[in-house]
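J.: with the sequence up front, the predicted model follows.
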Amino acid sequence: MHPKFIIVSDPGTPLSGSFVYGLVGSHRELVKGYVKVHGGGWYLKDDVKKTMTLYGSSGDYGEPRLAFLNRIPKELRDYRFIFSPGWNLPGNVLDLSEVEWF
């Protein structure tokens, strides 16, 4: 099992993407029902530093389109999200000021 994430939109709200993450073998295991997937990748969740670092891209769905990252599970509200295109590359902190916590 590997730490993977995707960004998905429901058909009724195609411009609002939700962050879905988990320990899975394939990104496809994170898809529930009929949704549009806006890419994905790997994550590193650090509960001590309260960071969620997102990496790379999904072999199934391509690079994450972070413009669709509008909704994040509320259990991650106190985490700082960082995106890096690959392991050992510097990352950028994501602006979460407009995110809905669900």
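T.: That came through fine. Keep in mind the model is a prediction, meaning the values are calculated, not measured. Numbers count the residues shown, from 1 in each chain.

J.: please count neighbours and contacts with C-alpha atoms only from this point.
T.: Noted.

J.: so which helix or strand takes in the nearest residue to Leu44 once chain neighbours are set aside?
T.: Ranked by C-alpha to C-alpha, 6 or more residues apart in numbering and with sequence neighbours excluded, the top spatial neighbour of Leu44 is Thr53, at 5.1 Å. Following DSSP states H and E, one finds Thr53 within strand 51-55.

J.: cool, Phe5 as well?
T.: Assigned by DSSP H and E, Phe5 falls within strand 2-9.

J.: surely Gly62 and Trp42 touch.
T.: No. Between Gly62 and Trp42 there is no contact under C-alpha atoms under 8 Å: 11.4 Å.

J.: so between those two, which is more surrounded?
T.: More crowded of Gly62 and Trp42, by other C-alpha atoms under 10 Å: Trp42, with 22 against 15.

J.: you'd agree that one is up against Tyr55?
T.: Yes. Using C-alpha under 8 Å as the test, Trp42 is close enough to Tyr55 to be in contact (5.1 Å).

J.: give me the phi and psi angles of Arg28.
T.: The phi/psi pair for Arg28 (degrees, to the nearest 10) reads phi -60, psi -20.
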